[in-house]
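In: Test case, fold it:
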Amino acid sequence: MKRGDTLLQSWRIRKAAPYIPSGATVLDVGCSDGALFRILKDRISSGIGIDPTAVPPDYGSFRFVRGAAPASYTALASEYAPDVNDADCTSVAASCCDCNEGGANRAISVGALAGYRAANAKACADVACTQVMSNHPTCSAAARCVNGACHLVSPAGAVLDAD
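Out: Now for the predicted structure:
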């Protein structure tokens, strides 16, 4: 790797690290030599690295795939993380304001909850929300595992997005 690539990689890892909670499972697109997993191995419980160039051999709970990112990350997640189920998913506010404050919900993995809350608290520190119940469809949806990824599913069974 060239010096500029190494500097960019170090910067990327420093930027990503605060958003990766302890025990997280991580998909690293553009993993290069797997440095993210090496540096944060005490925080990341498992991960998949994908890169179009040569990748390191698998080690521990980290797998590496040589190739381009698939059209759907969900397909990659379901192939390499088949044990994800509904209990691994939870519903959270999609932005600073939750459904009781006119907002919407989104689904995330339980393992990402602490990091999501910390990032959201920081981003929303100066935001004031109104006390009004939202009628957004995600507010009555349940967090479910669909094809290995967390999604909100309406009572009728439709997969929803917050946007």
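In: For the longest helix along the chain, C-alpha coordinates in CSV please.
Out: Looking across the chain with DSSP state H, the single longest helix is helix 3-16. Extracted C-alpha coordinates of helix 3-16, given in CSV (Å, rounded to 0.1, in the frame of the first residue of the first chain):
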residue,chain,number,x,y,z
ARG,A,3,1.7,6.0,2.0
GLY,A,4,-1.3,8.0,1.0
ASP,A,5,-3.4,4.8,1.1
THR,A,6,-2.1,4.0,4.6
LEU,A,7,-3.0,7.5,5.9
LEU,A,8,-6.5,7.4,4.4
GLN,A,9,-7.0,3.9,5.9
SER,A,10,-5.9,5.1,9.4
TRP,A,11,-8.2,8.2,9.1
ARG,A,12,-11.1,6.0,8.0
ILE,A,13,-10.6,3.6,11.0
ARG,A,14,-10.4,6.6,13.4
LYS,A,15,-13.6,8.0,12.0
ALA,A,16,-15.5,4.7,12.1
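In: Show the subsequent helix or strand relative to it.
Out: For helix 3-16, the succeeding helix or strand toward the C-terminus, using DSSP states H and E, is strand 24-29.
In: Buried residues in the next helix-or-strand element following that following strand, which are they?
Out: As assigned by DSSP H and E, the chain's next helix or strand after strand 24-29 is helix 35-39. Neighbour counts over helix 35-39 (16 or more other C-beta atoms under 10 Å) mark 35-37 as buried. Just so you know, the C-beta spots here come from the backbone N, C-alpha and C atoms, and that holds for glycine as well.
In: quick one: average pLDDT of stretch 97-117?
Out: Taken as a whole, stretch 97-117 has an average pLDDT of 88.
In: For that stretch, list the C-alpha coordinates in CSV.
Out: Listed next in CSV are the C-alpha coordinates belonging to stretch 97-117 (Å, rounded to 0.1, in the frame of the first residue of the first chain):
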residue,chain,number,x,y,z
CYS,A,97,-37.5,12.8,17.1
ASP,A,98,-39.3,9.5,17.8
CYS,A,99,-42.9,8.6,17.0
ASN,A,100,-44.3,10.3,20.1
GLU,A,101,-42.6,13.5,18.8
GLY,A,102,-43.8,13.5,15.2
GLY,A,103,-40.9,11.3,13.9
ALA,A,104,-40.5,7.8,12.4
ASN,A,105,-38.8,4.6,13.4
ARG,A,106,-36.1,2.4,11.8
ALA,A,107,-34.8,-1.0,12.6
ILE,A,108,-31.2,-1.8,13.7
SER,A,109,-29.4,-4.7,15.2
VAL,A,110,-29.4,-4.9,19.0
GLY,A,111,-25.6,-5.0,18.9
ALA,A,112,-25.6,-1.6,17.2
LEU,A,113,-28.0,0.0,19.7
ALA,A,114,-25.5,1.5,22.1
GLY,A,115,-23.4,3.1,19.3
TYR,A,116,-26.6,4.3,17.6
ARG,A,117,-27.9,6.0,20.7
